[in-house]
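Student: Fold the following and give me the result.
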Amino acid sequence: MKHLLKVILYPLLALVILLIVSLSSQSCTDADGKQVSEALNKKVTINNDGQIITFPKDSPGLDEFKVSFAEKGSATLSVIAPARIVASISHSKIAGSAIVLFDSPDVTSLYSQYRQSKANVDLTSKNLVRAKQMFDNLGITGKDLNQAETDAATAKASLEEMEGRLKVLGYNPSEIENVKGDMVWLMADVPEAQLNEISKGGTIRITLAAFPDKIFIGRIDAIGSIIDPNTREIKVRISLSNLDEKFLPGMFAQADFGNKISEAYVLPLSAVVTVEGNNYLFIQTAPNIFERRKVIMASSDASKLIILSGLNENEKVVTSGAILLKGISFGY
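Tutor: Numbering: from 1, shown residues only. Below is the predicted model:
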């Protein structure tokens, strides 16, 4: 009997021990797996609405970034803006007055209304002087004098309205009338951030699509007073001599406002990311910490950018991998 019990119980005991060892081993394996999983799932820390990004010190992701020290040097600032010839101005040899051709029928109509209003102001002003003389000599009634005054005031108001509408579009009528020689006017759209590189009276290089192999020198005559709320650009008017009458309204061009500057931070295109019209760099403030910094920039050439503000000397700038930090910073 005892022998029978041993035969039955010993195998059962061995099975139980095997199960206990197996469960213990499984428990250890699960714990180790959990630790490995937690180690792999370490995430970066994001503060100040994505402005500060902190990686774990042992994060392999840090190998994705390359940094360079910000150092000042000389560069050629290239501010190239699209432009178009919007008007040609020549002078009549018979009447001596300016002959203006616009590329826009609407502007042509507006300028015609302006000239009619100006003529009407001259006419009503003379009529008012005559009416006052006649009223003093009892030649007309007070009602007639009031009507003459009203006509003169209305004509003046109409002229001021036409003049204001032309100025908003970049055409100052008095400047058109004072143009010497045959000229064309170009209108360029310059980004708001690059206005500090442009000054009235400065010379610029013009390239026309109709003459791609030639560079012409123009002059900045006027800088607009209104920034387009959608494009954040401002109109800049440029004059160009047209003695040969080869430049025509409607021709497309490029205006290069560039000049050489001696103190500038020059960085590769890969260092800058753009979000909703704003430009940003990522500065490495510690081996595992990066700060998002808003900057104002201008282009230098096809592969480099000039940082005009927002960067200090000897700061470490991320020049490779900035696009990855952009995704983390802005949640893309």
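
Student: And the next helix or strand past whatever helix or strand L267 lives in?
Tutor: According to DSSP states H and E, L267 maps onto strand 259-268. Of the helices and strands lying after strand 259-268 in sequence (DSSP H and E), the nearest is strand 273-275.

Student: Flag every buried residue along stretch 234-253.
Tutor: By 16 or more other C-beta atoms under 10 Å, the buried positions in stretch 234-253 come out as 234-240, 242, 247, 249, 251, 253. No exception for glycine: its C-beta is placed from N, CA and C like everyone else's.

Student: Identify, from those, the entry nearest to E315.
Tutor: Lowest distance from E315 to the buried residues of stretch 234-253 (C-beta to C-beta) belongs to I234, with 30.7 Å.

Student: Let me know the next secondary structure element after the helix or strand where that closest one lies.
Tutor: In the assignment (DSSP H and E), I234 maps to strand 233-241. Once the chain leaves strand 233-241, the next helix or strand it forms, by DSSP H and E, is strand 252-256.

Student: Neighbouring strands - and their directions - for that next one?
Tutor: Counting by DSSP bridges, the strands paired with strand 252-256 are strand 80-91 (antiparallel), strand 203-208 (antiparallel).

Student: Mind listing residues that contact the helix or strand following the last one?
Tutor: This points to strand 203-208. Using DSSP H and E, the next helix or strand after strand 203-208 towards the C-terminus is strand 211-227. Applying C-beta atoms under 8 Å, 6 or more residues apart in numbering, the contact partners of strand 211-227 are 168, 170, 172, 175, 185-186, 192, 195, 198-208, 233-240, 255, 257.

Student: Drop anything exposed from these.
Tutor: Members of the contacts of strand 211-227 classed as buried by 16+ other C-beta under 10 Å are 170, 185-186, 195, 198, 204, 206-208, 233-240, 255, 257.

Student: related to what we said a few turns ago, run the chain-centre distance for the strand holding I234.
Tutor: Offset of strand 233-241 from its chain centre (C-alpha atoms, centre = their mean, to the nearest Å): 17 Å.

Student: Next, the angle from it to strand 211-227.
Tutor: 130 degrees (axes from the mean of the first three to the mean of the last three C-alpha atoms, to 10 degrees).

Student: and strand 233-241, what does it pack onto?
Tutor: If you count contacts as 3 or more C-beta pairs under 8 Å, 6 or more residues apart in numbering; DSSP states H and E, strand 233-241 packs onto strand 80-91, strand 183-191, strand 203-208, strand 211-227.

Student: End to end on stretch 237-251, go ahead and measure it.
Tutor: End-to-end span of stretch 237-251 (C-alpha to C-alpha, to the nearest Å): 15 Å.

Student: now stretch 239-253
Tutor: One end of stretch 239-253 sits 13 Å from the other (C-alpha to C-alpha).

Student: I'd like the mean pLDDT over that stretch, please.
Tutor: Model confidence over stretch 239-253 averages 91 on the pLDDT scale.

Student: Outside of it itself, which residues are in contact with it?
Tutor: With C-beta under 8 Å, 6+ apart as the contact definition, stretch 239-253 has outside contacts at 82-88, 90, 101-103, 179, 181-186, 206-210, 216-219, 221.

Student: what does stretch 145-155 give?
Tutor: For stretch 145-155, the surrounding residues in contact (C-beta under 8 Å, 6+ apart) are 117, 120-121, 123-125, 127-128, 130-132, 135.

Student: May I see the buried residues of that stretch?
Tutor: 145, 148, 151-152, 155.

Student: now stretch 107-126
Tutor: For stretch 107-126, using 16+ other C-beta under 10 Å, the buried residues are 107, 110-111, 113-114, 117-118, 120-121, 124.

Student: Tell me which of those fall in helices.
Tutor: Counted as lying in helices by DSSP state H, out of the buried residues of stretch 107-126, are 107, 110-111, 113-114, 117-118, 120-121, 124.

Student: In contact with K66, which residues?
Tutor: 318-321.

Student: The same query, at a cut-off of 10 Å, please.
Tutor: 270-271, 284, 317-322 (C-beta atoms under 10 Å, 6 or more residues apart in numbering).

Student: same check, this time on R232
Tutor: R232 neighbours (C-beta under 10 Å, 6+ apart): 191-193, 277.

Student: could you redo the residues you listed as JSON lines and give each row pLDDT?
Tutor: Below are the contacts of R232 laid out as JSON lines (pLDDT from 0 to 100):
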{"residue": "P191", "pLDDT": "80"}
{"residue": "E192", "pLDDT": "81"}
{"residue": "A193", "pLDDT": "71"}
{"residue": "G277", "pLDDT": "77"}
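
Student: and which of those residues is nearest F69?
Tutor: Distances from F69 to these, taken as C-beta to C-beta, are shortest for A193 (24.3 Å).

Student: Quick check: that closest one touching A298?
Tutor: Yes. A193 is within contact range of A298, at 7.3 Å (criterion: C-beta atoms under 10 Å).
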